[in-house]
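# Build the 3D model from these lines:
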Amino acid sequence: MNNGVNGVALTVFILFFVAVTVMGFLAARWRRSENDSLDEWGLGGRSFGTWITWFLLGGDLYTAYTFVAVPAAIYAAGASGFFAVPYTILVYPLIFTFLPRLWSVSHKHGYVTTSDFVRGRFGSKGLSLAVAVTGILATMPYIALQLVGIQAVLDVMGVGGGEGTNWFVKDLPLLIAFGVLAAYTYSSGLRAPALIAFVKDTLIYIVIAVAIIYIPIKLGGFDDIFASAGEKFSQINPATDKPVGALAPGSTGTWTYATLALGSALALFMYPHSITATLSSKSREVIRRNTTILPLYSLMLGLLALLGFMAIAAGVKVQNGQLAIPQLFEDMFPDWFTGVAFAAIGIGALVPAAIMSIAAANLFTRNIYKDFIKPDATPAQETKVSKLVSLLVKVGALAFVLTMDKTVAINFQLLGGIWILQTFPALVGGLFTRWFHRWALLAGWAVGMVYGTFAAYGVASPTQKHFGGSSKEIPGIGEIGYIGLTAFVLNVVVTVVLTFVLKAVKAPEGVDETSPEDYTADAGDKGVQVELPSVGAGAGH
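Residues are numbered from 1 along each chain as shown. Below is the predicted model of the structure:
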């Protein structure tokens with residue numbers, strides 16, 4: 001690792017950073033509307049077409065942390081880290097079945113969040129609140145990890161000084177990046193990350209295309225790369241008395257690999273930022289088209305994962321595995337292209353962090369502030385509150401990064417995946433059937449949350465006593481599997497059993513404000529009505 005600052009790389013990085021900052025502020029004038037509502041600020045006026053939505057969703061889901069963490073997992077443990085590739089393949093047929101339905105009913109009724117839909121479908125503010133709180137809790141550490149991605153790049157570039165440097169000087173570059181992100185998100189809302197996503201994804205595709213060709217040539221080809229990785233993974237870890245990893249997962253890890261991939265696929269589009277990007281689309285057909293072209297990002301992810309093996313072959317040695325890929329770029333690329341690669345990672349943090357903070361703020365505003373604090377809030381008041389909360393969310397994520405060990409942030413993100421999966425029955429189930437009872441869904445959610453949290457708390461690793469991983473023995477089966485999926489199964493079982501019981505005793509089910517035709521409505525359909533005037537304006541852009 002460099003002892004000093006890589007001036008050329010830093011200059012290129014700053015140039016790109018300044019460019020996207022200007023774009024972020026200019027986005028406030030892009031397709032601007034006079035409506036001062038959450039539809040305009042938080043959903044971009046519901047006006048984005050196929051390509052904007054594709055870049056926005058890609059920028060939303062493939063983050064700086066993905067860029068850093070997926071190959072870092074390969075670097076540390078081998079092919080078991082490839083679980084991210086099959087789960088992103090599984091997810092697209094899944095979302096093809098329910099995202100268009102969610103878009104349609106949300107467009108018809110002016111829903112801004114998943115909790116809006118759950119409240120409208122089941123007539124339950126309590127269930128809506130549970131979904132909102134879960135979404136906010138799961139999103140906070142996710143935002144923090146985007147800042148961890150920026151920090152990894154800054155560390156490798158030598159910016160901020162060493163460990164003995166005054167904390168303010170060391171963290172000043174991150175504070176500046178945070179301040180810029182907060183300012184243009186407040187000003188431009190969802191339009192800012194939508195515009196910047198074009199730059200971010202283009203840079204990432206260029207960097208991966210170059211890396212997958214240029215680095216293997218320098219390292220002697222993929223034969224040598226895999227040979228070096230195999231040699232490393234065959235070494236015995238003294239803490240566990242087992243090999244440190246494997247080029248291919250063994251039969252003992254089959255359940256872990258499969259359940260982690262399936263559980264992650266079910267959870268991915270439960271995250272509020274995924275839904276925010278989806279609801280910003282201008283038509284149902286835009287969503288359907290995007291589910292067919294988004295798999296191109298999975299191809300990119302598979303190539304990206306191979307960088308973990310390349311880091312081993314290149315002799316990269318880092319104490320923190322999250323620095324492995326930035327250090328690989330530093331060692332292998334010319335300084336100017338290192339700056340381009342670091343800019344891709346840095347901008348890859350800003351785009352999703354902006355969308356995540358907006359999504360979390362929308363949940364608070366619509367499903368906590370309006371439902372429980374100020375029911376008569378005007379659209380303008382909602383927007384103001386959401387803007388302020390988006391700032392607070394980012395401040396909380398920044399404090400998380402600056403005050404806690406990075407492994408804590410990673411553990412909470414893993415826990416967030418377990419939590420957000422527990423909203424699946426209410427959201428996806430509700431899109432297809434009204435059979436589930438609202439109280440049963442709430443009870444199932446609670447059981448899944450409690451089991452998932454305590455099970456994850458009990459997982460130890462060689463370096464941590466608690467929250468040391470996201471896999472544990474599945475009760476009744478004896479195999480090691482993803483905790484989130486086990487909690488989800490318990491959630492569904494409790495929901496189904498209690499629904500039978502509650503229906504038998506004729507417990508009140510709440511009012512469903514939706515109708516069957518709402519789930520197939522499109523922007524141009526006659527008779528489509530919305531609750532907020534701004535929705536109609538946004539949909540017509």
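# What helix or strand is Ile477 located in?
Element membership for Ile477 (DSSP states H and E) is empty, with no helix or strand holding it.
# Distance check, it against Tyr75.
31 Å (CB to CB, to the nearest Å). To be clear about C-beta, it is placed using only N, CA and C from the backbone, and glycine gets the same treatment.
# So these two - more neighbours on which side?
A side-by-side neighbour count of Ile477 and Tyr75, using other CB atoms under 10 Å, places Tyr75 first with 27 against 10.
# which ones are touching the more buried one?
308-309, 311-312, 316, 321, 324-325 (CB atoms under 8 Å, 6 or more residues apart in numbering).
# do that again at 6 Å, thanks
308, 311, 321, 324 (CB atoms under 6 Å, 6 or more residues apart in numbering).
# again with Phe96
Phe96 sits next to Thr291 when contact means CB under 6 Å, 6+ apart.
# Swap in 8 Å and give it another go.
By CB under 8 Å, 6+ apart, the residues touching Phe96 are 288, 291-292.
# now Gly321
By CB under 8 Å, 6+ apart, the residues touching Gly321 are 72-73, 75-76.
# do you know how far it is from Val340?
For Gly321, the distance to Val340 equals 23 Å [CB to CB].
# Give me the below-cutoff pLDDT ranges for the protein.
For the chain, applying pLDDT under 70 flags the ranges 1-3, 31-35, 160-170, 239-240, 249-251, 404-410, 462-463, 524-541.
# what distance separates the start and the end of stretch 159-178?
15 Å (CA to CA, to the nearest Å).
# what's the farthest-apart pair in the contacts of Gly321?
Farthest apart among these by CB to CB are Ala73 and Tyr75. That separation is 7.2 Å.
# tell me, what's touching those two both at once?
Shared contacts of Ala73 and Tyr75, counting by CB under 8 Å, 6+ apart, come down to 308, 321.
# on that earlier part again, which one of the contacts of Tyr75 is nearest Thr514?
Gly308 (45.5 Å).
# Name all residues that make contact with the closest one.
Applying CB under 8 Å, 6+ apart to Gly308 gives the contacts 70-76, 81, 324-325.
# Could you do Gln327 as well?
Neighbouring residues of Gln327 by CB under 8 Å, 6+ apart: 1, 156, 311, 316, 318.
# and the helix or strand in which Ile215 is found, which residues are buried?
According to DSSP H and E, Ile215 maps onto helix 191-219. For helix 191-219, a neighbour-count test (16 or more other CB atoms under 10 Å) marks 191-201, 203-205, 207-208, 211-212, 215-216, 219 as buried.
# sorry, back to before: could I get the contacts of Gly308 in JSON lines, plus columns for secondary structure and distance to Gln381?
Shown next, in JSON lines, are the contacts of Gly308 (DSSP: H, G, I helix; E, B strand; the rest coil; distance: CB to CB, whole Å):
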{"residue": "Val70", "secondary structure": "helix", "distance to Gln381": "41"}
{"residue": "Pro71", "secondary structure": "helix", "distance to Gln381": "45"}
{"residue": "Ala72", "secondary structure": "helix", "distance to Gln381": "43"}
{"residue": "Ala73", "secondary structure": "helix", "distance to Gln381": "44"}
{"residue": "Ile74", "secondary structure": "helix", "distance to Gln381": "48"}
{"residue": "Tyr75", "secondary structure": "helix", "distance to Gln381": "48"}
{"residue": "Ala76", "secondary structure": "helix", "distance to Gln381": "48"}
{"residue": "Gly81", "secondary structure": "helix", "distance to Gln381": "46"}
{"residue": "Ala324", "secondary structure": "helix", "distance to Gln381": "47"}
{"residue": "Ile325", "secondary structure": "helix", "distance to Gln381": "44"}
